[in-house]
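Trainee: with the sequence up front, the predicted model follows.
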Amino acid sequence: MATSVEPRLAPGTVIAGKWNQNRYRIERLLGEGANGRVYLVERERVLYAFKVGADAVDLQSEVNVLKSLAQRQRGEEAFLVDVDDYKGTDGREHPFYVMRYVRGSSLSDYLNREGADWFPLVGFHLLNKLAGLHGSGWVFGDLKLENVLVGDYGRAQLVDYGGVSEIGKSVRQFTEIYDRGYWSAGSRSADPQYDLFSYAVLCVQLFEGKRLAELTRTLLPQNRVPEELMKLIQGNPALKPFAGWLRKALQGSHTDSREAAAAWQRLAHRPGKRRRTRTPRWMRRLLLGSALLFAASMIWLIRTGL
Amino acid sequence: MRQILLITDGCSNVGVSPVVAAAHAQSEGITVNVVGVLDQEEAVDYGAPEIHEIARAGGGLSRMVAMRELARTVQMMTRKTVMHTIQSAVHKELQQVFGATSLEELSPDKRGEVVRVIDELGETSPLEVALLIDTSASMKPKMKAVEEAIHDLMLSLQARQGKSRISVFRFPGSRHGAECAQVLEWTDSAAGLPSLFAKITMQGTTPTGPALMHVIDFYRQDKYGRDNREETDGMRSGNVG
Ligand SMILES: Nc1ncnc2c1ncn2[C@@H]1O[C@H](COP(=O)(O)OP(=O)(O)OP(=O)(O)O)[C@@H](O)[C@H]1O
C-alpha cells in the first residue's frame, strides 16, 4: 500500500483529479517533510496548498482527521478542500489532498521581522487553536516550530495534521525535544496537557534555541527534567513574565486549555513589568507631534495676548 | 502481534546463520527488525549487509544508526512494523471483500473507512516485542544508549490502548557457552526498569543466529502468546469495511 514518492512536480504542471475531476496548476513547492510534499497550486484563480503523500495510509489518516474536524467545527471556513488521486508520470496513482493555503511565515521569521512584542499575542492565538482542537476531542501531537505558520496580526495557524491523535489514544507522531516523555514529565498518551507541554518547549525553542540544543546534547537521560527547561525560562527576559504559566504547562497542571489560554492572555496584558527595549517609531512620532502641537498653541496663545 | 528487535553492532560469528533464523521467525508470524548501532566516529558500517539481510528474511526493517538516534529509531521501527502487520492483514480482507488489490483502487470514501480500521487495530491490537541485545565486548560503550532506547520504547508502548509488553534477552548468555539469556521477564511497565546490563561481563562471541532461534523457541513455548494470537485473529476477521 505504500506509494513511492513521485519525483518533484515542476511549476506549471497541471494535475487532474481522477475521482472529482478538479484541475490544479502547480505554482511551486511550499515544503516537504517526512510524510510528503506540499505545493502551492491554483484552481480557478484561487490558491491552495496541495499535499502528496509518501504513504497512502498515512495520507488517508490525515484526511480522516481533517474530515472529522470539519464535521465538528462547523461554521469555520473549511480547511480541507478536496481529496483525490492523480496519475503520475511514472504511471502510478498518487493520492493527494488539497487544503486552504495558509499565507504566513514561520514563527521565528515573524518575530524577527515584526518584533518580539508580538510574541504574547501570537502565543495566545496558538493556544486558542489548540484549545479548539481539544474541544473537538483531538490533540495536535507534533507541535513544533515547523508546524506553525503566522499570518497578519499574529494570527497563528497549525499545519501538518500527521500527529493529530484522538484524546485517550497514543500520540501518533512527535518530535523528541518537544515530547513530554523525553523530558521524563509524563506519558505519550494524547491529552490536552501533552500539547501544552510541547507549547512550553516551543516557547523555549523560540527564545533560547541555542541553549536548548546544548541541553539536549549534554544532559544524561535521567537528568532530562522540566526543571532544566525552567532554568532557561527564568533566565530569559521575554519568557520570565510567563514563568508561572509555563511551569504549570511543564508540570501538566493546567486543567483546561481554554482556561490556560485565558490565563496566558491575562499575563500578556499585564502592564509595566516587561521591559521596553526602545520606543516604537509611531510613538516617538506621536510624542513629537504632540510636543509641536503644544508649542504651537503656546505661541498662538502668546500672540493673541491671552 | 509479535516482534523481535535485534540490536547489534557487528557480524555474527558462530552457529546457525542469523538470516536462516530470521526466516524461521517470519514463518512463525514473528517479524524481525534489526538496528545496527554505530560508534560516534565509526564511518564504515561493516555489519550492514548482514543486518539488512536478517531484516529482509524476517519480514522487518533495518537501519544503521548512531547512538543518539537509537531511541527514536527503535520507537519508530516498532510502530511502523505494527502498522505494516495490520496493513498486510487488512490487505487480504480487501481482496476478499472488495476484490481490490490495493488501497488506491478504492474510492476515497471507502479508503477512508479502511484506513480508520487500520488505525484502530494499530492502536488496540495486543503487541509483544522481544528485544535481543548484542552484549559482545564492542557493544560496551553503547549499553547506556541501549537501556535508554528500551526505556523509551516502553514509554511509547504504554500509551497504546492495546496490551503491550516487552522482554529483554542478551547474547552471548554467559561465559560458559550459553548463547542467549533472558535479562528481563515480560513486563508492561517502564516504572523501575532496572539497570539491565550494569553487572554483566561483556565478552565472547556473537552467536546472533542461535540467539534468534532461542527467542523464537521462547515465543513458541509461551502460553500467554498463544492466547494473544487468538485475540488478534479474532479482530482480523472482524470489522473491515
Ligand atoms: N496549508 C498550508 N499552507 C501553506 N503552507 C503549508 C500548508 N501545509 C503545509 N505547508 C508547508 O509545507 C511544509 C510541509 O508540510 P507538512 O508539515 O504537512 O509535511 P510533512 O511531510 O507532514 O512534514 P513533517 O515531516 O513535519 O511531518 C510545512 O512545514 C509548511 O511550510
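Mentor: Sure thing, it's come through.
Trainee: hey, let's count contacts and neighbours off CA atoms from now on
Mentor: Fine.
Trainee: how about A:Gly235, phi and psi?
Mentor: phi -90, psi 0 (degrees, to the nearest 10).
Trainee: tell me, how many residues neighbour it?
Mentor: By the criterion of other Cα atoms under 10 Å in any protein chain shown, A:Gly235 has 12 neighbours.
Trainee: what about it, distance to A:Phe50?
Mentor: Separation of A:Gly235 from A:Phe50 (Cα to Cα, to the nearest Å): 42 Å.
Trainee: quick check: B:Met61 is in a strand.
Mentor: One thing to correct before we go on: residue B:61 is Leu, not Met. Yes - B:Leu61: assigned to a strand according to DSSP: H, G, I helix; E, B strand; the rest coil.
Trainee: Three-state assignment for the closest residue to it other than its chain neighbours, please.
Mentor: Leaving out its chain neighbours, the residue that sits closest to B:Leu61 by Cα to Cα, 6 or more residues apart in numbering or on different chains is B:Asn33, at 4.9 Å. For B:Asn33, the assignment made with three-state DSSP gives strand.
Trainee: touching, B:Asn33 and B:Glu53? I think so.
Mentor: No - at 10.6 Å, B:Asn33 does not count as touching B:Glu53 under the criterion of Cα atoms under 8 Å.
Trainee: out of these two, which sits in the busier spot?
Mentor: More neighbours surround B:Asn33 than the other of B:Asn33 and B:Glu53, with 28 against 19 (other Cα under 10 Å).
Trainee: check contacts around that one.
Mentor: By Cα atoms under 8 Å, 6 or more residues apart in numbering or on different chains, the contact list for B:Asn33 reads B:3-6, B:55, B:58-62, B:77.
Trainee: about what we covered before: partner residues bridging the residue nearest to B:Leu61?
Mentor: Taking DSSP bridges as the rule, B:Asn33 bridges to B:Leu5.
Trainee: show the pLDDT at it.
Mentor: pLDDT for B:Asn33: 96.
Trainee: where does chain B dip in pLDDT?
Mentor: B:40-46, B:175-177, B:192, B:194, B:223-241 (pLDDT under 70).
Trainee: for the residue in it that the ligand sits nearest to, helix, strand, or coil?
Mentor: The nearest approach of chain B to the ligand comes at B:Met76, 13.3 Å away (Cα to the nearest ligand atom). Under the three-state scheme (three-state DSSP), B:Met76 adopts helix.
Trainee: and the gap between it and A:Phe174?
Mentor: Taking Cα to Cα, one finds B:Met76 at 10 Å from A:Phe174.
Trainee: neighbour count: these two, which is higher?
Mentor: A:Phe174 (19 against 15).
Trainee: residues contacting the nearest residue to that one once chain neighbours are set aside?
Mentor: Nearest residue to A:Phe174 in three dimensions, chain neighbours excluded: A:Asp142, at 4.5 Å (Cα to Cα, 6+ apart). Residues in contact with A:Asp142 (Cα under 8 Å, 6+ apart) are A:162-164, A:173-175, A:178.
Trainee: filter these down to the buried ones, PyMOL style.
Mentor: To isolate the buried members of those in PyMOL, using 16 or more other Cα atoms under 10 Å in any protein chain shown:
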select buried, chain A and resi 162+163+164+173+174+178
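Trainee: just send the contacts of A:Asp142 back as JSON lines, with secondary structure and pLDDT too.
Mentor: Listed next are the contacts of A:Asp142 as JSON lines, based on DSSP: H, G, I helix; E, B strand; the rest coil; pLDDT from 0 to 100:
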{"residue": "A:Gly162", "secondary structure": "helix", "pLDDT": "90"}
{"residue": "A:Gly163", "secondary structure": "helix", "pLDDT": "94"}
{"residue": "A:Val164", "secondary structure": "coil", "pLDDT": "95"}
{"residue": "A:Gln173", "secondary structure": "coil", "pLDDT": "94"}
{"residue": "A:Phe174", "secondary structure": "coil", "pLDDT": "95"}
{"residue": "A:Thr175", "secondary structure": "coil", "pLDDT": "95"}
{"residue": "A:Tyr178", "secondary structure": "helix", "pLDDT": "98"}
